[in-house]
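> Dropping a prediction and its sequence here:
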Amino acid sequence: MLPNAMTQSDTNVNTIDSMIATVSQLYKDIQLQDAYQDTDEAAMEEHTPVLTSKSIGAVTLEEITSEQPTIGAGEGTGFERTRSAPPRSLPRPVNQIRKLQRVLRGLKRNLNHMKSLQSDVERELNYRSRSLSLVAKDAEPSRSLHTSLTDCLEKDLENITNKLLDLMNKVPVPPEKQKNKKASPDHQDGDGDNDGKVIACLPGIHANEEDLKRLAVFRDVQGKFTGLSTERQICLLSFGVFPENQEVNRTMLMYWWIGEDILPREAKPEDAVKDILKEFMEKKLIEPVENKRKVEPNSYKMTPFVHSSVVLISEEIGLFNMYQKATKPKMKKSDLNKVCLVQESSSQPEAKGRRMKPENMETVFNVSEKFPEFTCKWFTSMTKLKVLYLGRWERTEREIEIDSRRVMKDLSSLKRLRFLSLQGISAIKSLSRSACKLSELIVLDFRDCYNLEKLPDDIHKLKNLIYLDLTGCDALERIPVRLSWLDNLEVLKGFVVSDFQTEITCELGALVHLTKLRKLSITVDRGGFGLNDLIKATGDFKSLEILKVRWGSRIPPVRERKPEGNIVRFMRSVTSIDSRNPMKNLIERHRHYLPRNLRKLDLQRVPECELPGLLQPHNLKDLEELHLRSWISLEGFGDLPEKPTECGVKVLRLKSLPKLKVEWRELTQLYFPKLGFLESYECPRVTFCPCDRDGIWRSHER
């Protein structure tokens, strides 16, 4: 990182820290003033003289006393609030102070992200520069290139290009610069970029359909396509919507296919999607995106020739119709009532009025449109719509501009909607109450809506909701209590445990009523909420299989306990034992347990010093995956066992654990004897591990 940039970034962060401290002190001062005011009012009430009708004009003494708080039953002194009295509200500036604190913390988080991003960009550029030098050296004129070397050279260049494109997409560009950008020749001829994605015109392979149909690769794809079931044919053709060579995420595909209602209902959607993608890979219709850190792939892409064939088949069938020969893609409604929003769709004549006949639309999918707001005027007519994907589908931060109020206004008209995605739309601050009338909604995707502040209290009306994804919604402070009434909810990502506690806030323990809940991710922003609280709250979640918990950066780490004196230790032991019933005391001490079906546990930024007994390897007999990340003070996995434990963990990920001290033999022979995959990153005291340069080890059996 450049020194000047680093200094400026550090200065900005320090300024924000100073402002946060000032606001926090202001908050305390207001609370103290409020407390003093309460004391003064109580004193005034205690010494209030008896009023007469003469001293207060036309108001009688009986009317005054009837308005005063009643004396509590059995109480001889002091006034108590009557049951009908409204709860005492906080001073008016408090809410604004809380909002200011959120803004400052968010700004600090963004600055830290920019600082980290600059460092990542420099590191990646240096690495790719070295890679490019090696490629150039291999291609020197003095060397003869065999066909295999030429293929490797092409693959290396493609890999470097894709990595740099991903890098470019991570660097934000101010919206005004994007708007003022003049049309370049590349944009004019249809080969321009859309935030780094080469999608503007149809690939050259499509230039002559007759030539493409004569190729063996087309006949091969067509033959394999014919052998698929109708549902899997649609799944395959959906890849043609995306630009060629683009990575497509499995979770996004699953959400989409659930919305289209083309997944078998007898299996979990996750398993069904894996099975479908596995068949496509075996038939060489798609290929997995290699990622050594993944036990199994979660992203896929198509080669150009297969992609071209799929696009052509899709157009012939009438499923999707957006690509045109030698021109930019255009928004069109296909014969099967699917609409793909592409770059500049909002400027097309079809975007105005009712030329698209929205009453027949079943799918609206945003492929590359930056301004999809024009679709809002169709909502009241879209009586058959099942999929509304207005957000971004990529993991890169493509900017989408929209008026959230217009989107939310008429959502309730989409009576048959099954899947709603607003991923990455920063303007979304809340979900309207009218949206809770979407009784057929199954998937609600708010991923990376980082300005989302609240969910409606009527969210329980989404009675068919199965997937609620709030990942990356950092401004969300509380979850409404009625969310625990969603009987069909199976996957909840982004649940919040915070200090914002009211009668309408959903506590973690209330999710026990979600008897079908099998995946849960949590963000903890409440001081004093530790691992034991987590275990206590989730132990009775009968269906929970995957649990991911991240403690916020605001939670201070728990300090190590100081050694206690003998007298203190003795007194504590005496007072903690129920001498009349020692067995009861023993049961109470061990009454907590992990969810019985838990298979994967991911803990990040834990603010504690020790691993609780229930999370030590000898107690993890049924757990299959354990991820520990950014646990600064963790030193070990408990006492070293004398013989191998019965721990069932097969996948272990250790990241940023600077104090964790363990050797390879202890790790694999005693603590985790069934281990088949290890990732060790920034764990300097995890020693003698036979990991590769990326910190990955896999057993030969895998």
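Structure's in. What do you need? Residues are numbered from 1 along each chain as shown.
> mind listing the strands for the stretch 501-650 of the chain?
519-525, 546-551, 600-604, 625-629 (DSSP state E, counting those that start in this stretch).
> and K674, which of these is closest to it?
Of all the strands of the stretch 501-650 of the chain, it is strand 625-629 that lies closest to K674, at 11.5 Å by CB to CB. Quick note: C-beta positions are derived from backbone N, CA and C, even for glycine.
> Give the other helices and strands that the closest one contacts.
strand 600-604, strand 651-655 (3 or more CB pairs under 8 Å, 6 or more residues apart in numbering; DSSP states H and E).
> between the first one and strand 519-525, how many degrees?
Translated: strand 600-604. Interaxial angle of strand 600-604 relative to strand 519-525 (axes from the mean of the first three to the mean of the last three CA atoms, to 10 degrees): 20 degrees.
> From N451, how far out is I425?
Taking CB to CB, to the nearest Å as the measure, I425 falls 9 Å from N451.
> neighbour-wise, which of these two wins?
Neighbour count, other CB atoms under 10 Å: between I425 and N451, I425 has more, with 24 against 16.
> For L667, find the nearest of the helices and strands packed on strand 625-629.
strand 651-655 (7.8 Å).
> quick one on the thing from earlier: from the helices and strands packed on strand 625-629, which stretch is densest packed?
strand 651-655 (a mean of 20; mean count of other CB atoms under 10 Å).
> Can you name every helix or strand that that strand contacts?
strand 625-629, strand 677-681.
> relative to strand 677-681, how tilted is that strand?
Using the same axes, to 10 degrees: strand 651-655 against strand 677-681 is 0 degrees.
> Paired strands for whatever helix or strand comes next after strand 651-655, with orientation please.
The C-terminal neighbour of strand 651-655 among helices and strands, as given by DSSP states H and E, is strand 662-663. When sheet partners are counted by DSSP bridges, strand 662-663 sits next to strand 686-687 (parallel).
> Neighbouring strands of the helix or strand following the partner strand in the sheet, and parallel or not?
Proceeding N to C from strand 686-687, the next assigned helix or strand is strand 696-698, under DSSP H and E. The strands beside strand 696-698 in its sheet (DSSP bridges) come out as strand 677-681 (antiparallel).
> circling back to that earlier point, kindly reformat the strands of the stretch 501-650 of the chain as CSV containing distance to H592 and mean pLDDT.
Formatted as CSV, the strands of the stretch 501-650 of the chain follow (distance: least, CB to CB, whole Å; pLDDT from 0 to 100):
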stretch, distance to H592, mean pLDDT
strand 519-525, 17, 96
strand 546-551, 14, 97
strand 600-604, 15, 97
strand 625-629, 18, 97
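> Dump the ones you listed into CSV; add distance to E290 as well.
Listed next are those as CSV, based on distance: least, CB to CB, whole Å:
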stretch, distance to E290
strand 519-525, 26
strand 546-551, 24
strand 600-604, 22
strand 625-629, 20
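> Can you tell me which of the ones you listed is nearest to E362?
Closest among these, using CB to CB: strand 519-525, at 27.9 Å.
> what pairs with that closest one, and is each one parallel or antiparallel?
Here strand 519-525 is paired, per DSSP bridges, with strand 491-498 (parallel), strand 546-551 (parallel).
> Now do the contacts for the most centrally placed residue in the chain.
Centrality entry for the chain: nearest residue to the mean C-alpha point is T471, 1.9 Å, by CA atoms, centre = their mean. By CB atoms under 8 Å, 6 or more residues apart in numbering, the residues touching T471 are F446, R447, D448, K493, G494, S521.
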